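I'll drop the sequence and a predicted model, then ask my questions.
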Amino acid sequence: MIKKITCIECPVGCQLEVETDQSGHVIKVTGNKCEKGPVYAKQETENPMRILTSIVLTEGLDLKMVPVKTNKPIPKAKLMEAMAAVKKLKLTKQVKVDETIASDFLGLGVDLIATRPASFNSH
Amino acid sequence: MAAAVAAQKAGVKDILLLERDQYLGGILNQCIHTGFGLHHFKKDLTGPEYADRFIKQIEAIRDIEVSLKSFVVRLTKDKILTYLKPGKLEEIKAKALIMATGCRERTREMTHISGTRPAGIYPAGLAQKMINIEGLLPGKEVVIIGSGDIGLIMARRFTLEGAKVKAVIEIQEKTRGLIRNVVQCLEDFSIPLYFRHRIAKIYGKDRVEKVLVENTVNGETFELPCDTVLISVGLIPENELIEMACVEIDKKTNAPVSKEVNKCSIEGIFVCGNSYKVYDLVDNVTRDSVKAGQMAAEYLKGLK
């Protein structure tokens, strides 16, 4: 089967033609302008993954909400479940960029990390 | 920040960076999604991460003095700046000036949508600030006008926060946003995108109740019940300060009339980033702002 997808690895947005066999495995990819295309097409067809970015509520810090992301992509199908878990978190310690807020998040083998520094309120 | 760093690297010794917010980073701080820095840092970063890399550079340079909560209220053609900061009204004369004042959002009033004026109508960037900085969700059932990048990003953001995005309405025949954003913000969540459609009317007394969507080709209409309408119909360069200094402004775009990137009609005033023209990618803002810093340094050398 041949399917058309748009590569989202960068802002160029190449139109890829992806050929799969009967079991859904990718056999051939065309239309890509760089080497990221075929890797993306295989992942997107066989098990689509996304980086989740969101915010975590804090207490006693100078930012009310600290932006966070998963340090690696998680399965697209897990996004809403991951959001529900993010909403339950509350950050009470200072963080730097890249600092882990929840390790092995939802048992997915990825860490939830801060993307903006937050420190204790000065007053 | 990129202009300040570049100016210092080019030999400028006395740099003052004025920021009206209580943090450096501007709009990047509320753009918590990824997609920034692929060119400049060769890495896929979020907005706050991209800003943080520049904040660290600024903090490491002693020649750059940062003044936060500093709101410039006046600028003259002789480059005299008046700014307010908590408890003070300061005046300072600059030899060269780099304006990096960004954009503001086009509003509902500028798009000529008829109907009532209930609560629940937000510019998309304001909704982004409410969610990502303040932790407030502006509504539960959302219709988005305009398929620019901010509109697309907010469709995903509202969905992830548990709201229902009913549709994105685009008057043109194709999106003004990046294709990757159509894929990962709309298609991922099965959010319908209507091309060649417009909002003909907004209904609601105290709160938005529904909108009337019209096909601009055949005139057919349908209603969408919702409690929130996001307006994402473009940006306007914010240039009232240089206008006050009598810099020539293009009234149609609100950008300075200019023959060369970062330049305006007054020598020694440079305009960079979204206040010069509306950019799609922050990496390109950085590239041209570095140039602005170098141009300002060059100009100062010529004065001596």
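Nice, I can see it. Computed from a prediction, not measured in an experiment: that's the story for all the values here.

I'd assumed B:Thr159 was in contact with B:Ile131.
No - using CB atoms under 8 Å, B:Ile131 is not in contact with B:Thr159, being 11.6 Å away. For the C-beta atoms, the positions are set from N, CA and C on the backbone; glycine is no exception.

residues contacting the residue nearest to the spatial centre of chain A?
Central residue of chain A (CA atoms, centre = their mean): A:Ile51, 0.6 Å from the mean position. Taking CB atoms under 8 Å, 6 or more residues apart in numbering or on different chains as the contact definition, A:Ile51 lies against A:Lys69, A:Thr70, A:Lys72, A:Pro73, A:Ile74, B:Thr34, B:Asp44.

Near B:Phe195, how many other residues are there?
16 (other CB atoms under 10 Å in any protein chain shown).

For it, which residues are in contact?
B:Glu170, B:Gln172, B:Glu173, B:Lys174, B:Thr175.

which stretches of chain A form helices?
A:36-46, A:79-88 (DSSP state H).

In the contacts of B:Phe195, find the pair that's most separated.
Using CB to CB, the two most remote members of the contacts of B:Phe195 are B:Glu173 and B:Thr175, lying 9.4 Å apart.

More neighbours: those two, which one.
B:Thr175 (20 against 9).

From chain A, how far off is that one?
10 Å (CB to the nearest CB, to the nearest Å).

What residue in chain A comes nearest to chain B?
In chain A, the residue found nearest to chain B is A:Gly13; the distance is 3.2 Å by CB to the nearest CB.

Which pLDDT value belongs to that residue?
At A:Gly13, the model reports a pLDDT of 87.

Over to B:Leu126?
Confidence for B:Leu126, expressed as pLDDT, is 97.

what does B:Ile92 give?
So, for B:Ile92, pLDDT stands at 97.

does it belong to a helix or a strand, and which?
strand B:88-93 (DSSP states H and E).

Can you give me the domain assignment for chain A?
Following automatic domain parsing, one finds the domains of chain A at A:2-46, A:53-114.

Tabulate those domains in TSV, adding columns for mean neighbour count.
What follows is the domains of chain A, written out as TSV (neighbours: other CB atoms under 10 Å in any protein chain shown):
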stretch	mean neighbour count
domain A:2-46	16
domain A:53-114	17
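
what's the closest of the ones you listed to B:Ala292?
Using CB to CB, the nearest of the domains of chain A to B:Ala292 is domain A:2-46, at 22.7 Å.

picking up where we left off before, which among the domains of chain A is found nearest to B:Arg62?
Closest to B:Arg62 of the domains of chain A, according to CB to CB: domain A:53-114, at 22.1 Å.

Run the chain-centre distance for that closest one.
11 Å (CA atoms, centre = their mean, to the nearest Å).

do the same with stretch B:129-147
Taking mean C-alpha positions (CA atoms, centre = their mean), stretch B:129-147 and its chain are 16 Å apart.
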